[in-house]
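[1] turn this into a model:
(2 chains)
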Amino acid sequence: MSGTDEAPPADESSEPTDQSGGPAEGTAETTADAAIPVDDVALDSGTPLEVRNLRKTFGGITAVDDVSFDVEKGSLTGLIGPNGAGKSTTFNLITGMHDPDSGTVQFNGEDVTGLAPHEIANRGLARTFQIARELEEMTVLENMMLAPKDQIGEELWRSVTPGVRGDVQRQEREQLERVWDVLDFFEIDHLAEEHAGNLSGGQRKLLEMARALLTDPDVLLLDEPFAGVNPSLEKRLLEHIHELREQGYTFLIVEHDMDLIMNNCERVIVMHQGRVLKDGTPAEIKQSEEVIEAYLGGEV
Amino acid sequence: MTDTDEGSRLGWLFDSDPKLLIAVFGSIYLAYVLAGFAFGYTLRGQLNSLANLTFYVAVFGMAALALNLHWGYTGLFNIGIVGFMAIGVYVTAIFAKPPVAQGGAAQIGGFGLPLGVAMIFGVLAAALAGLLVGLPALRLRADYLAIVTIAFSEIVRFTLMSRTFQSFDVPNTVFGVDLAADTVGLGGGGGLILNHLSPLEALLRALYLWDPYLGFVDFVAANFIANNPKPVVDGLAYGLVLLGVVGIFYWLLTWTGESPFGRVLKAIREDEEVANALGKNTNRFKLKSFVLGCALMGLTGVLWYSGRGSITPPSFRPNITFYIWIALIIGGAGSNTGSVLGGALFAGLLYEGPRYVKNLVEAAFDLGDGPGSFGQAMAALGGSLDPVPFVVYTLNSIGQLRLVIMGVTLIWLMHNRPEGLLGHRKETAASIDLSRPERAEPGGEAAATDGGEQQ
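    I've put the predicted structure just below:
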């Protein structure tokens, strides 16, 4: 995938660590903005995520029924719908947590339908969970250090072989700088040593997004990122999302809060009873009779 | 390594864990020495007692460390430990035993390889068994692994007892290789006579230290223990070797835990799906952790049993597995120091301790022979309010009561300290210190902290 998982400054030590394709790129321009490295995300416009005719049944219930949509590069797309509309199942189908009965998911031009979750994550499609799932007995720092891809120390023999372990430590040191940068960016650096289980709901959401970001994703799927978050933190979270989007990240956000989606997303997909009811700009959605009927109860 | 690494390593020395470890070891050994004086042991008796204690402290420490990798680090519920130990010992024995000799006591021979080489085969066999068990079972929910592992360990034991595998005739040449062995096998219910070198002798011979060692034994004979001191010195020396192995286990598992690999294991223990969503192939990590732990269990089995004259299948009942679990739970799952501590406390207090208490009481009070049955003991207590027969009967049944004491200890721990002495110690899973790194170039990096708004 991308070659910029190393922290920018330490060029001289990057030889033993670079496993990925093109590590030479990135060092120069990411030094300027070390917080969130932008690699090839914004190189071309297009549709990194194409969902076609997804269908999933659980027993007799059709949770997702012939769902198709695209997510444009660099966009902030909202996915809304009443409870049980199939939003989370769609997420799980895209990220490989469930296998669809039929239909395909194309990611960056590659068919990723039915791949394992870790394979999809490694291709640059990161997700967060509806209920923030922190690794509670791990510190915030450990949570963050877990995320980066291509960690050579994840090969057991490297971590326990004297001599080779030095390379592991060197890579960890580079990675650590980036981890602290991202912690600073999300303004949760003061919580770094805290166990994730001690964080408040909103802080967990921040941590989860920060963690997902460290996997170097092209597209971030956020499942109800604002649920249980207090208004001031919600505002901060939104600012971060907008800032990241300007850097070239693509977002697909599942959310209950209608106003929030309408005010922040340029495109909204409305799901109802497992189907895509409407797909368009917030203005179009607001005017759609069927959406108002199905979801808004005619109140807008 | 850099200066900071040296610093943290020195800091580790002054951490309270090693102090605790030394304090606990010291107390246990002191108690045993004092008990030895109470029994009026000779020097020989004292040393024997300490060698025996060291042996059990070390083997339980090793086993608890290996189990800690499974349960404490990865959350794998393995209750088939003894099966992997048995595979290690038996495979080692088959490869190390000399071929059947005319007029020898052993009916079943082996391939006559050096013990060190045979041990490698034994450990690899245990690892392979772990792979075979783990491949299907680790994909299932956690409790299935428990079922599969305990079933596996019983299958191993019954296989060892089976007449079918008791002995085989080995062809003279296999693929053109002339084999020394003619009859090999698992020995069935009769077990195997371990007529190979003892692990201690094999090690010392390999290091060319055997002759100096014999010289040392002669020295001991001349100055301290006149009558055949070799078994005593052997026991002590082997105990020291085993403690060294505990150190190696500890080092290996600490490096395993404090690494990116260990971090993924910790994440799997916490929430496997999250680890998956972050791009970690958790099945591979679980399998590696499981296989490594099984290999270490195999090695523990070899070091535990290879020094004995013979092995029989009943030695490998599941109770050994549960002893090791108790040791780990006492010390605290998740902590390597805790595992060693738990092994020492279990061996010193629960495993060997009750017997010493009995001997101590008998040495202090001349109680004579106790009643032959529970009824007689209760009759005296109820009839004439004389507690002595009851106490004597209790002491005489201390072997059985040991299990009761272990059970009570477990229940007490679950109620009062479920995390064990050092459990949930959350040792940081990283190969480096994770505090904010010093900036190498403060000028150039300062802009980085405000989050790259320039794009």
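
[2] number of residues surrounding residue 142?
    You didn't say which chain, so I picked chain A. As a burial measure, A:E142 scores 24 neighbours (other Cβ atoms under 10 Å in any protein chain shown). Where you see a C-beta, it was placed from the backbone N, CA and C, and this is true even at glycine.

[3] let me rephrase: I mean chain B.
    12.

[4] what does B:F25 give?
    The number of residues packed near B:F25 is 18, by other Cβ under 10 Å.

[5] my read: it touches B:A347, true?
    No - the pair B:F25 / B:A347 is not scored as a contact, 10.9 Å apart, by Cβ atoms under 8 Å.

[6] now the residue nearest to B:N228 when sequence neighbours are not counted: how far from A:G78?
    Excluding the flanking residues, the one nearest B:N228 by Cβ to Cβ, 6 or more residues apart in numbering or on different chains is B:A221, at 7.7 Å. Using Cβ to Cβ, to the nearest Å, B:A221 is found at 87 Å from A:G78.

[7] what do you get for A:L115?
    A:L115 is 25 Å from A:G78, by Cβ to Cβ.

[8] and B:N78, by the same measure?
    46 Å.

[9] and the residue of the stretch 201-300 of chain A found nearest chain B, how many neighbours?
    Closest to chain B within the stretch 201-300 of chain A is A:Q247: 5.2 Å, counting by Cβ to the nearest Cβ. By other Cβ under 10 Å, the residues close to A:Q247 number 20.

[10] then B:P260?
    By other Cβ under 10 Å, the residues close to B:P260 number 26.

[11] mind listing what's buried in whichever helix in chain B runs longest?
    Longest among the helix segments of chain B by residue count, using DSSP state H, is helix B:230-257. Buried residues in helix B:230-257, counted by 16 or more other Cβ atoms under 10 Å in any protein chain shown: B:232-239, B:241-243, B:245-246, B:249-250, B:252-257.

[12] so where's the stretch 301-450 of chain B uncertain?
    B:424-426, B:439-450 (pLDDT under 70).

[13] show me where the stretch 1-150 of chain B has its strands.
    For the stretch 1-150 of chain B, no strands are identified by DSSP state E, counting those that start in this stretch.

[14] which residue ranges form the helices in it?
    Assigned by DSSP state H, counting those that start in this stretch, the helices in the stretch 1-150 of chain B fall at B:3-14, B:16-39, B:43-67, B:81-96, B:115-137, B:142-161.

[15] return the most buried member of those helices.
    Greatest average neighbour count among the helices of the stretch 1-150 of chain B goes to helix B:81-96 (a mean of 29), per mean count of other Cβ atoms under 10 Å in any protein chain shown.

[16] dump that one to CSV, restricted to CA.
    Provided in CSV are the C-alpha atoms of helix B:81-96 (Å, rounded to 0.1, in the frame of the first residue of the first chain):
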residue,chain,number,x,y,z
ILE,B,81,-0.9,-28.5,29.1
VAL,B,82,0.1,-31.9,30.4
GLY,B,83,-0.6,-33.5,26.9
PHE,B,84,2.0,-31.2,25.3
MET,B,85,4.4,-32.0,28.2
ALA,B,86,3.9,-35.7,27.7
ILE,B,87,4.6,-35.5,24.0
GLY,B,88,7.8,-33.6,24.7
VAL,B,89,9.0,-36.3,27.2
TYR,B,90,8.0,-39.3,25.2
VAL,B,91,9.4,-38.1,21.9
THR,B,92,12.6,-37.1,23.6
ALA,B,93,12.8,-40.5,25.2
ILE,B,94,12.2,-42.4,22.0
PHE,B,95,15.0,-40.6,20.3
ALA,B,96,17.4,-40.6,23.2
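
[17] quick one: it to helix B:142-161, angle?
    40 degrees (axes from the mean of the first three to the mean of the last three Cα atoms, to 10 degrees).

[18] packing partners for helix B:81-96?
    helix B:43-67, helix B:115-137, helix B:142-161, strand B:192-193, helix B:282-305, strand B:310-311, helix B:318-331 (3 or more Cβ pairs under 8 Å, 6 or more residues apart in numbering or on different chains; DSSP states H and E).

[19] how about JSON lines for these, with distance to chain A added?
    Below are the helices and strands packed on helix B:81-96 laid out as JSON lines (distance: least, Cβ to the nearest Cβ, whole Å):
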{"stretch": "helix B:43-67", "distance to chain A": "14"}
{"stretch": "helix B:115-137", "distance to chain A": "13"}
{"stretch": "helix B:142-161", "distance to chain A": "17"}
{"stretch": "strand B:192-193", "distance to chain A": "33"}
{"stretch": "helix B:282-305", "distance to chain A": "5"}
{"stretch": "strand B:310-311", "distance to chain A": "31"}
{"stretch": "helix B:318-331", "distance to chain A": "17"}
